[in-house]
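Novice: Give me a 3D structure for the following:
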Amino acid sequence: MSEGLLAGKHVLVTRAKSQSHELSAKIKEAGGIPVEVPLLSFQQPDDLTAIKKAISQLDSYDWLVFTSVNGIRFFFSILHTYQYDLNDYDHLKIAVVGNKTQAELERFGSNADLVPPSFVAESLLRSLKEVLGRGERVLFPKGNLARSVIPDGLKIEGFVVTEIDVYETVRADASKLRLRQVLETRQLDLITFTSSSTVNHFVQLLNDHQEWRSYIEGVEIAAIGPITADTLMANGLHPEIVANTYTIDGLMEAIHNYLKGE
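Specialist: Residues are numbered from 1 along each chain as shown. Sure thing, here's the model as predicted:
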């Protein structure tokens, strides 16, 4: 984004605290003022029974499928806890949903065998259908709120898919007062949403305050992609900006184009 395009503009960042740095840094580079109010956080499930069973049978799977950076982080953390090394399973192929997940996978010393042309679950599903062989088994480590597009689509085709929730997305209730205070100042110029969860938590944290919608009148809303945009509209919010590439860079590019009137 051109330096200064966001000059003086206050931009709400709703990502989890652990993920907000990248977006905030890019907002600053463009001259903006990031206002971080994390609306969600991530945690390991209390019950690891299903996960332990799945990783003890890694040699029986042909593919690992990841659709989020968090899925990779929590999966490898659990592997480390139980002293498993993915490098011991040379036969196991790995599919990821996009560049960010691919980079995270490489950070843990593994490489992706499949990255779809478009960084959404639907594109990954199509790519998997083209390469999976008859009888191949798929392990899908995911978050508790992950979309079911991939496992449902593969199961319909007759593939065996084991889903395991390796992390949980929870609402950051501690941010409720902070969020309300930020909106009441009426200083925001732009609100960014990077997932459907950030949208839902935003609305849930404000729903007991009748005035909140009036606080964001005239504030532009940016969504990281069409799924997030659909969730916004389902909650009565209209995104002026929707990224075509579903990454932080893609979101910033969409904001850039919007502000330039393109």
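
Novice: Can you classify residue 19 by secondary structure?
Specialist: helix (DSSP: H, G, I helix; E, B strand; the rest coil).

Novice: Then residue 64 would be within a strand, right?
Specialist: Yes. Residue 64 forms part of a strand when assessed by three-state DSSP.

Novice: I figured it was touching residue 92, is that so?
Specialist: Yes. Between residue 64 and residue 92 there is a contact under C-beta atoms under 8 Å: 6.0 Å. (Each C-beta comes from the backbone N, C-alpha and C, glycine too.)

Novice: Between those two, tell me which one has more neighbours.
Specialist: Using other C-beta atoms under 10 Å as the criterion, residue 64 and residue 92 rank with residue 64 on top: 24 against 18.

Novice: mind listing what the nearest residue to that one once chain neighbours are set aside touches?
Specialist: Nearest residue to residue 64, sequence neighbours excluded (C-beta to C-beta, 6 or more residues apart in numbering): residue 94, at 4.7 Å. Residue 94 makes contact with 63, 64, 65, 66, 105, 110, 111, 112, 113, 114 under the criterion C-beta atoms under 8 Å, 6 or more residues apart in numbering.

Novice: ok, residue 53 - how many residues close by?
Specialist: 11.

Novice: which other helices and strands contact whichever strand or helix holds it?
Specialist: Using DSSP states H and E, residue 53 falls within helix 49-55. When contacts are defined as 3 or more C-beta pairs under 8 Å, 6 or more residues apart in numbering; DSSP states H and E, helix 49-55 sits against helix 69-81, strand 137-143, strand 160-171.

Novice: One more pass at 6 Å, please.
Specialist: strand 160-171 (3 or more C-beta pairs under 6 Å, 6 or more residues apart in numbering; DSSP states H and E).

Novice: Now do the SS call for the residue nearest to residue 64.
Specialist: strand.

Novice: one step back: just how off-centre is the helix holding residue 53 within its chain?
Specialist: 24 Å (C-alpha atoms, centre = their mean, to the nearest Å).

Novice: still on that earlier bit, got the contacts of residue 94 as a markdown table, with distance to residue 20 and pLDDT columns?
Specialist: A markdown table is the format used below for those (distance: C-beta to C-beta, whole Å; pLDDT from 0 to 100):
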| residue | distance to residue 20 | pLDDT |
| --- | --- | --- |
| 63 | 32 | 98 |
| 64 | 28 | 98 |
| 65 | 27 | 98 |
| 66 | 21 | 97 |
| 105 | 22 | 96 |
| 110 | 26 | 95 |
| 111 | 28 | 95 |
| 112 | 25 | 97 |
| 113 | 31 | 97 |
| 114 | 29 | 97 |
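
Novice: Among those, name the buried ones.
Specialist: The neighbour count (16 or more other C-beta atoms under 10 Å) marks 63, 64, 65, 66, 105, 110, 112, 114 as buried among the contacts of residue 94.

Novice: can you redo those as TSV with distance to residue 33?
Specialist: Output for the buried ones among the contacts of residue 94, formatted as TSV (distance: C-beta to C-beta, whole Å):
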residue	distance to residue 33
63	44
64	40
65	38
66	34
105	34
110	38
112	36
114	40
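
Novice: any idea which of those is closest to residue 148?
Specialist: residue 65 (12.5 Å; C-beta to C-beta).

Novice: Can you give me the domain assignment for the protein?
Specialist: If you go by automatic domain parsing, the domain ranges for the chain are 10-39+172-259, 43-170.

Novice: Rebuild those domains as TSV, extending it with distance to residue 4.
Specialist: Listed next are the domains of the chain as TSV, based on distance: least, C-beta to C-beta, whole Å:
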stretch	distance to residue 4
domain 10-39+172-259	4
domain 43-170	27
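
Novice: and residue 121, backbone torsions?
Specialist: phi -60, psi -40 (degrees, to the nearest 10).

Novice: residues touching it, list them.
Specialist: If you count contacts by C-beta atoms under 6 Å, 6 or more residues apart in numbering, residue 121 has them with 67, 147, 149, 150.
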